[in-house]
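Peer 1: For reference, the sequence and a predicted model appear below.
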Amino acid sequence: MAVYCVIGGGRRVHANTYFSVLILFSILISSSSVLGFGVSNRLTISRIGGTQVSSTNANSANDPFSKPAGQKGKVLVLGGSGFLGQTVSRRAILEGYAVTSLSRRGKPPPSKKDEKSKDGGTTTAELLKAVDYRAGDAREKGTIEAILQEGGYAGVIHCIGLLFDDTSGLGRFNRFVSGSGSIPDKESTYDDITRLTAFNAIDAAEAYSQSRNDNELLPFVFTSAAEAGWPDAPGGKFVENTLAPGWLKRYLVAKREVEAKLSTCSDLRTIIFRPSLIYSIDKLGSLPPVGAFFLGNKVGLPFVDRPVTVQALSCAMVRCISEPTVQGVQRYYDIDKLAQ
């Protein structure tokens, strides 16, 4: 069996089915970048962290973007205990924001690696101590509303996601592909974890934005997926309709519903990031699919976006908060520009 895709100039390119399946498999792994939704019990909001990083430690001569934490206001990171969420939180602190993280497990477990690695002249462990961790369930709108009503927020970043939900029959494998090792419970469906949490956050953010005495719209950043744009890419519909399993289609439906809601928001400056494979050099297991993505993008497969590092994506997501001209869908080339 052969797959034909249309690339630049209208040329038809033959691609081996094995390669297409490899790309699809890589896409599945890439989606684990947003698995920040932990597995702890549903809790009322509780304050867990919030230690301040001194301006001496937070600043670095090697990083012109580093500023004292809190100088630029607060950022609410939903799913801040996950793989992407933790990196976003660290970057936000370095760039002068105070960070409130909301996830069901609250504070992530300590890591020896965090005590050694440095970001902006400060160890990762020190940066994470500055995060105000809250344990709570974003599926309950009141949880998000209560946090935003505290005031002082300059933006909201949604990093909550799930690759294998309980109804997929693959939930037990989620801890192997999740950056945070999460395992979904029976209530963890794509509709609940992606759509419901995002809808709650959007509604709460709109209400908060309307209550502020500020002429600027509140930035709302959503982590979508490059594959959400398949219908607009040559060959994308074929890949989704022919190769994608049912659970992946439901995953993309949830992402697209959130994107659709964001497109109607008039009280928010909405920014939708569509990364494909998100990787970190120190995670060797991600390198094979990263190579497949680079190759697929390089040869011109229009439904394969080039991979991005979690560091670059986090920089872009944080920096767009203070860039009033940035809004709408952001793909890998937009991420590159924002992260420079």
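Peer 2: Looks like it arrived, so ask away. Numbers count the residues shown, from 1 in each chain.
Peer 1: Please make it C-alpha for all contacts and neighbour counts, starting now.
Peer 2: Will do.
Peer 1: pretty sure residue 269 belongs to a helix, no?
Peer 2: No: applying DSSP: H, G, I helix; E, B strand; the rest coil, one finds residue 269 to be strand, outside a helix.
Peer 1: OK, contacts around it?
Peer 2: 217-220, 327 (Cα atoms under 8 Å, 6 or more residues apart in numbering).
Peer 1: The same query, at a cut-off of 6 Å, please.
Peer 2: Neighbour list for residue 269: 217-219 [criterion: Cα atoms under 6 Å, 6 or more residues apart in numbering].
Peer 1: Pick the one among these closest to residue 198.
Peer 2: residue 219 (13.9 Å; Cα to Cα).
Peer 1: Confirm the closest one sits in a strand?
Peer 2: Yes: applying three-state DSSP, one finds residue 219 inside a strand.
Peer 1: So for residue 98, what's the pLDDT?
Peer 2: pLDDT recorded at residue 98 is 97.
Peer 1: my guess is it meets residue 70, correct?
Peer 2: Yes: using Cα atoms under 6 Å, residue 98 is in contact with residue 70, at 4.1 Å.
Peer 1: more neighbours, those two?
Peer 2: Neighbours per residue, other Cα atoms under 10 Å: of residue 98 and residue 70, the larger number sits with residue 98, 28 against 21.
Peer 1: Could I get the buried residue list for stretch 330-337?
Peer 2: 330-332, 335-336 (16 or more other Cα atoms under 10 Å).
Peer 1: Oops, could you answer that again for stretch 245-258 instead?
Peer 2: By 16+ other Cα under 10 Å, the buried positions in stretch 245-258 come out as 247-248, 250-258.
Peer 1: right, and the pair among those with maximum separation?
Peer 2: Pairwise over the buried residues of stretch 245-258, using Cα to Cα, the maximum falls at 247 and 258, 17.2 Å.
Peer 1: Spell out the residue ranges of the helices in the stretch 151-300 of the chain.
Peer 2: 174-177, 190, 197-211, 236-238, 246-262, 287-298 (DSSP state H, counting those that start in this stretch).
Peer 1: of all these, which gets the most neighbours per residue?
Peer 2: helix 190 (a mean of 25; mean count of other Cα atoms under 10 Å).
Peer 1: The host helix or strand of residue 128 - what's its average pLDDT?
Peer 2: Using DSSP states H and E, residue 128 falls within helix 124-129. Mean pLDDT, helix 124-129: 80.
Peer 1: before we move on, what about stretch 249-268?
Peer 2: 96.
Peer 1: what sits up against that stretch?
Peer 2: Under Cα under 6 Å, 6+ apart, the answer for stretch 249-268 is 190-191, 195, 206, 217-219, 224, 228.
Peer 1: Check stretch 199-218 too.
Peer 2: Residues from elsewhere that reach stretch 199-218, judged by Cα under 6 Å, 6+ apart: 141, 145, 155, 267-269.
Peer 1: Need the max-distance pair from these.
Peer 2: Going by Cα to Cα, the pair spanning these furthest: 141 and 269, at 20.1 Å.
Peer 1: returning to that earlier point: could the buried residues of stretch 330-337 go into JSON lines alongside pLDDT?
Peer 2: Formatted as JSON lines, those follow (pLDDT from 0 to 100):
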{"residue": "330", "pLDDT": "98"}
{"residue": "331", "pLDDT": "97"}
{"residue": "332", "pLDDT": "95"}
{"residue": "335", "pLDDT": "97"}
{"residue": "336", "pLDDT": "96"}
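Peer 1: from what I can see residue 97 touches residue 77, true?
Peer 2: No: taking contacts as Cα under 6 Å, residue 97 lies outside contact range of residue 77: 11.3 Å.
Peer 1: Could you grab the helix/strand/coil label for residue 101?
Peer 2: Going by three-state DSSP: residue 101 is strand.
Peer 1: nearest to residue 81, of the helices of the stretch 151-300 of the chain?
Peer 2: helix 174-177 (14.3 Å).
Peer 1: Mean confidence (pLDDT) on that closest one, please.
Peer 2: 49.
Peer 1: Please apply the same query to stretch 310-327.
Peer 2: 97.
Peer 1: Now do the same contact list for residue 314.
Peer 2: residue 88.
Peer 1: give me the element it is part of.
Peer 2: Using DSSP H and E, residue 314 falls in helix 310-319.
Peer 1: Direction included, what does the following helix or strand past that helix pair up with?
Peer 2: Next along the chain after helix 310-319, taking DSSP H and E as the criterion, comes strand 328-330. If you go by DSSP bridges, strand 328-330 pairs up with strand 268-273 (parallel).
Peer 1: Save the contacts of stretch 199-218 as JSON lines, and put in distance to residue 108 too.
Peer 2: Formatted as JSON lines, the contacts of stretch 199-218 follow (distance: Cα to Cα, whole Å):
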{"residue": "141", "distance to residue 108": "22"}
{"residue": "145", "distance to residue 108": "23"}
{"residue": "155", "distance to residue 108": "22"}
{"residue": "267", "distance to residue 108": "32"}
{"residue": "268", "distance to residue 108": "30"}
{"residue": "269", "distance to residue 108": "30"}
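Peer 1: Return the closest of the residues you listed with respect to residue 295.
Peer 2: Closest to residue 295, out of all of the contacts of stretch 199-218 and judged by Cα to Cα, is residue 269, at 34.3 Å.
Peer 1: gap between the closest one and residue 197?
Peer 2: According to Cα to Cα, to the nearest Å, residue 269 and residue 197 sit 18 Å apart.
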